[in-house]
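Participant: sequence-free structure coming up:
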């Protein structure tokens, strides 16, 4: 039987999960996949953590060189996260002839060109299913199932922390700050949650998914990014009234005018399959010219779901002798011929506090009209402050720049203040 | 650039879709997948149909031998459907050294052991993503993404026709017969709809999916099967009242007592992701010991969505020189060591017409109790016939055989008649 040795770099949440899956399923893989996969080494400075997981002392090492020179190791799993030392370790592994499986979205997003170059040069595999959306099989679906399609759009809820927070805000009517605290206590959000709540994590994943979908490099720096920290519970409440769910959405489109990529909170019609994706579940909704629509749904994070994606890559690597690489020119920067749409079109949700007197609504809609914005729905709520009333509008499709100018004009009137502007996605 | 020649056997709905995708995307595949895929031949007796699609006359043939002996053909796509001549043609293609891509669920379900044997012998590929759930990437997900998991259950809405019919019955409050007629007019149901509405199509797919999921042959003959022809609109109405959707469900479980496989109408909690899968959309919900839950959703049928799966397999075959085969002993019959659970456990929905007089409910619940069945919810509706009232119950979990005996006992009393028994799946 084919023997395959694995090294795991980092025994954090995902590394620990991967170790557990591999060791507990060894016989299962021998029986069903004809391959004997053993963890030959772990790189972990916290020795006790490794011992607690059941790793034999002689398999714990603190030095990447030991792993690179170990002939019993075929596949190196990088689950350290962040850029360094992860990047140097992955390059060292590739350059010593080991295939690499990584869950590191930031590293892969920023340096896939370098990593792939090293993998190709050394004729080894580079696998990254676990970089995007945990256990949900989206990378391989794009590479090996939907590759006959021209993908026209990819829309996803691809960050577990923010979806957990927005779902709980919606369920409980609680504020962002309250729910964030609870999420931190439960381990769903980190002590410093910036990477998740400001949307950085989603831009890394969207960069990877868009590059694969649209067959051209989509650098994360081209992605419009807006997080969820300013989401007010009032917006979630009004969104519901209008028949929408509020989600942090990652959206990529490939259209006539170029590629449009953005991560921001958005109102999604409650009948859309993505609207029902709650808590720490994630999903990606892909439209292709043949397949119409496909949605892939599951746990977007966690030790075992992400471990499932890593182990899937390990077994794939162990049972497929030839390796494939990107189906686009994997360079550092976008191809000069790729156009990115910045002034994108959308419907908008606008919440204002307006002076509660006659003529205000007409003044505001006339200002919107001046910027080619027409209103499809409007609700005037009862205000909590005397003389002030919340005014909530949904517009027809218009351009981002029109909205920016209209908001500035409305705020300048003194009769109303724009509290919130959110995009509506259909 | 690598050149790959394809032959398509049968230019029906899916064959036509496949032809269209391949010809329209030729340059796209050259650019992005580095392979020049051309349709070198079609086997179609209706010459006019081929000509209408734009096939050159010299590429239309009526004889499988011509295709088998054509050195320009590398991959044969079988989209004829049914057992013969599809089976002989596929075997002839494999035995002449061509890889085969098929969408034929009945053929693959019943003869995968023979086809795979021929593919292995000739060192060619055998691909069948399109056999199950149209464009939804479920086969490759099981083989190459979730293969590190022990799959514990797979639950799916895997037939487009029946899901369309049940969705429309639910939306419109119309009868089965009415909606079936409409579905036939729209081309969603065939003139003879037996294969779909009696659940045969779903058992073929469930056999394939369960064999892959549970790493052992699950013959379709082991699958309990019940169609949707007896579904009364009243059951859909009451199911909604109790908070459930009524779906034709395909269910496979691998548990302590063995494998349980069944296709039947079932009540699913309206909060379950499968409950929102409507019209001709399909979905598969998979539970694995690491990944937790994954759902794959999309068009379960149609020329282009199924064509997308076929073309995905063609490109995969064209770009991966080594072929993989089943990850279980692919024999005609189940392995003698595999146990199948027949007397399965479930919650049940029971609708009765009961005499509208005191003591009837107590008599019925006491009869149920005699067979170890306890009731979790009960609703007594107003009857349309004087002296008769519909009585609707949901039971706690019990065994199938208990229900059968209890129903016989209730019918024997003369005070009530059981109109409908459906399983409830959570």
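Facilitator: Yes, it's here. What you see is a predicted model; the values in this text were computed from it and never measured.

Participant: Contact partners for the closest residue to residue A:206 other than its chain neighbours?
Facilitator: The shortest distance from residue A:206 to any non-neighbouring residue, by C-beta to C-beta, 6 or more residues apart in numbering or on different chains, is to residue A:250 (4.2 Å). In this view, the C-beta of every residue, glycine as well, is placed from N, C-alpha and C. Counting by C-beta atoms under 8 Å, 6 or more residues apart in numbering or on different chains, residue A:250 touches A:154-159, A:202-203, A:205-206, A:209, A:262-263.

Participant: Can you name the residues of the stretch 51-200 of chain A sitting close to chain B?
Facilitator: Residues of the stretch 51-200 of chain A found near chain B (C-beta under 8 Å from any C-beta of the partner chain) are A:129, A:135-137, A:140-141, A:144-150.

Participant: which of those sit farthest apart?
Facilitator: A:135 and A:150 (27.2 Å; C-beta to C-beta).

Participant: These two: who's more crowded?
Facilitator: The neighbour comparison of residue A:135 against residue A:150 (other C-beta atoms under 10 Å in any protein chain shown) goes to residue A:135, with 30 against 17.

Participant: Settle this for me: the more buried one is touching residue A:311, isn't it.
Facilitator: No. Using C-beta atoms under 8 Å, residue A:135 is not in contact with residue A:311; the gap is 10.1 Å.

Participant: circling back: which secondary structure element contains the residue nearest to residue A:206?
Facilitator: strand A:244-255 (DSSP states H and E).

Participant: State the next helix or strand along the chain beyond that strand.
Facilitator: Counting by DSSP H and E, what follows strand A:244-255 is strand A:258-269.

Participant: chain center to that next one, what's the gap?
Facilitator: Relative to its chain's centre, strand A:258-269 lies at 12 Å (C-alpha atoms, centre = their mean, to the nearest Å).

Participant: Count the neighbours of the closest residue to chain B within the stretch 201-350 of chain A for me.
Facilitator: Ranked by C-beta to the nearest C-beta, the top residue of the stretch 201-350 of chain A for proximity to chain B is residue A:311, at 3.3 Å. By the measure other C-beta under 10 Å, the count of residues near residue A:311 is 31.

Participant: Okay, and residue A:135 sits in which element?
Facilitator: Taking DSSP H and E as the definition, one finds residue A:135 inside no helix or strand.

Participant: Can you tell me how far the closest residue to it other than its chain neighbours is from residue A:53?
Facilitator: Excluding its sequence neighbours, the residue lying closest to residue A:135 (C-beta to C-beta, 6+ apart) is residue A:305, at 3.4 Å. The gap separating residue A:305 from residue A:53 is 18 Å, by C-beta to C-beta, to the nearest Å.

Participant: Equivalent analysis for residue A:192, please.
Facilitator: Distance from residue A:192 to residue A:53, by C-beta to C-beta: 26 Å.

Participant: Name the residue in those two with the higher neighbour count.
Facilitator: Applying other C-beta under 10 Å to residue A:192 and residue A:53 shows that residue A:53 carries more neighbours, namely 18 against 9.

Participant: For that one, which residues are in contact?
Facilitator: Listed by C-beta under 8 Å, 6+ apart, the contact partners of residue A:53 are A:11, A:16, A:19, A:20.

Participant: Surely the second one is in contact with residue A:303?
Facilitator: So that's residue A:16. Yes. Counting by C-beta under 8 Å, residue A:16 does reach residue A:303; the two are 6.0 Å apart.

Participant: Settle it for me: which of those two has more neighbours?
Facilitator: residue A:16 (22 against 19).

Participant: And for the nearest residue to residue A:349 once chain neighbours are set aside, the neighbour number?
Facilitator: Distances taken as C-beta to C-beta, 6+ apart put residue A:422 closest to residue A:349, at 4.4 Å, once the chain neighbours are dropped. The number of residues packed near residue A:422 is 24, by other C-beta under 10 Å.

Participant: Shouldn't residue A:422 be within a strand?
Facilitator: Yes. Assessed by DSSP: H, G, I helix; E, B strand; the rest coil, residue A:422 belongs to a strand.

Participant: returning to that earlier point: give the other helices and strands that whichever strand or helix holds the residue nearest to residue A:135 contacts.
Facilitator: Element membership of residue A:305 [criterion: DSSP H and E] is helix A:303-319. Judged by 3 or more C-beta pairs under 8 Å, 6 or more residues apart in numbering or on different chains; DSSP states H and E, helix A:303-319 is in contact with strand A:2-9, helix A:13-24, helix A:26-33, strand A:35-43, strand A:75-78, strand A:99-102, strand A:126-127.

Participant: Packing partners of the fourth one?
Facilitator: Identification of packing neighbours for strand A:35-43 by 3+ C-beta pairs under 8 Å, 6+ apart yields strand A:2-9, helix A:13-24, helix A:26-33, strand A:60-61, helix A:64-68, helix A:303-319.

Participant: what do you get for the shortest one?
Facilitator: Strand A:126-127 is packed against strand A:99-102, helix A:105-121, helix A:303-319, with contacts defined by 3+ C-beta pairs under 8 Å, 6+ apart.

Participant: Just put those in a markdown table and tack on distance to residue A:337 and mean pLDDT.
Facilitator: Converted to a markdown table, these look like this (distance: least, C-beta to C-beta, whole Å; pLDDT from 0 to 100):
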| stretch | distance to residue A:337 | mean pLDDT |
| --- | --- | --- |
| strand A:99-102 | 29 | 98 |
| helix A:105-121 | 17 | 98 |
| helix A:303-319 | 32 | 97 |
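
Participant: Many thanks, I have nothing further to ask.
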